[in-house]
Structure formats: structure tokens, C-alpha cells
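> Sharing a model that was predicted from the sequence below.
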Amino acid sequence: PFGDVRARPYRERRASLLDVLSGLPANSPIQAVSATSDRHTALTWYNTLQDQGVEGLVAKRAASPYRAGRGGAWQKIRHAETIDAHVVGYTGPASRPRTLAVQLPDGRIALTQKLAAPLAAQIGPLLAAAGPPRADRTSAGQPYTAVPHGIAVVEIAAGTTRHAVVSATRLRGG
């Protein structure tokens, strides 16, 4: 009934979403995230909800249309900042990798911590389709199976790249 709403301002897209969600049963697991235009309320949420697993806030301009990927129309404000890293390889089977070899912004190649099952399942098909396996080593000498550069980008928890500990949080794209 709504058609493609991506070009509409955020405030209209959210109103449409809330309208759709209002038709769901009260006990539905699908619900809108909290939103406010009040700075004080947003700061209170940011400062008090981290213990409940809320990693931060997303600030969006009310008049902005939807744009895929990161853009100037919205900003993530997190307790733990992230950086992007190019996937250059993996350990374990390609279809269900144990860890990823990533190129960090400083040029080093490092292995991530063990991947969470959902992330491994998400990136596995990309790795499996990457072509014939080729052995390589990280900057610290750890072996991994190499893939072509640019096959994928993952989000890394910033601050985890010191002391050879790298935590991949999610797939960002190719």
C-alpha cells in the first residue's frame, strides 16, 4: 500500500512504519525502536541504556531521504567506535570460517577473534565463491587462506586492533 518510500523524508517513512506496526498484535516481537527529537532524552538514553545492550544512538535528519550505506544524513554515536577492514582471507572452511584475515587501516594483516555463527554464515558464501584457495600469512606469521582483496569489508571494534586482538562485529559489504 505504501510503494517505494525511500525518497520520502525520514519523518514520513517512520510514520508509515509506525502505521504498519500498529496493526500487529500487542505481543509481536516486531516493534519500532525508540525515537526522539529531544536532545536531552537522547543523551539520557545514551548514558543509561548501555547496560541493557544498546550500543549507542543513530541520529537522522528528519527531512532526509533514505540512502543505502553510510551518508551525511545520519550518524552513529556508539560507546564502542568501529572501523572498517578489508577481508583478505580466512581460517577454517570457506563456507563456515572460524576467523577472518583482515587488512587493518595501518596496512597490517591480522586474524580476527573467532567469528560469531551468524557472521560466519553470512560471509561464508562470499568466501566459498572467491576462487581457488591460496595460502598466505598474516603480518605476525599466522597462516590463513587468502581471497582476492575487495571481496568483503567487515566492521571491526576500534581499540581491539592493538595487541593482535581484532573483533569483527558485522559484514559491511564488498
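Great, that's in hand.

> Send over the least confident helix or strand in the chain by mean pLDDT as PDB, restricted to the C-alpha atoms.
Scoring the helices and strands of the chain by mean pLDDT, DSSP states H and E places strand 74-78 at the bottom, with a mean of 76. Extracted as PDB, the C-alpha positions of strand 74-78 are listed here (Å, rounded to 0.1, in the frame of the first residue of the first chain):
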ATOM      1  CA  TRP A  74      22.700  10.000   9.600                       C
ATOM      2  CA  GLN A  75      25.400   9.400  12.200                       C
ATOM      3  CA  LYS A  76      26.100   6.600  14.500                       C
ATOM      4  CA  ILE A  77      27.100   7.600  18.000                       C
ATOM      5  CA  ARG A  78      28.500   4.500  19.800                       C
END
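
> Which neighbouring elements make contact with it?
In terms of contacts (3 or more Cβ pairs under 8 Å, 6 or more residues apart in numbering; DSSP states H and E), strand 74-78 is packed against strand 56-60. Quick note: C-beta positions are derived from backbone N, CA and C, even for glycine.

> list the buried ones in the strand it packs on?
Burial within strand 56-60, assessed by neighbour count using 16 or more other Cβ atoms under 10 Å, is assigned to 57, 60.

> longest strand anywhere in the chain?
When the chain is parsed with DSSP state E, its longest strand is strand 82-91.

> So what touches it?
Residues from elsewhere that reach strand 82-91 (Cβ atoms under 8 Å, 6 or more residues apart in numbering): 97-105, 109, 111, 123, 127, 136, 143-147, 149-158, 161, 166, 168-169, 172.

> what are the ranges of the helices in the chain?
Under the criterion DSSP state H, helices of the chain are mapped to 10-21, 39-48, 117-128.

> Deepest in the core, which of these is it.
helix 117-128 (a mean of 16; mean count of other Cβ atoms under 10 Å).

> What are the contacting residues of it?
Contacts of helix 117-128 (Cβ under 8 Å, 6+ apart): 87, 90, 93-98, 100, 115, 147, 151-152, 154, 168-171, 174.

> Just the buried ones out of the residues you listed, please.
Members of the contacts of helix 117-128 classed as buried by 16+ other Cβ under 10 Å are 87, 90, 94, 97, 100, 115, 147, 151-152, 154, 168-169, 171.
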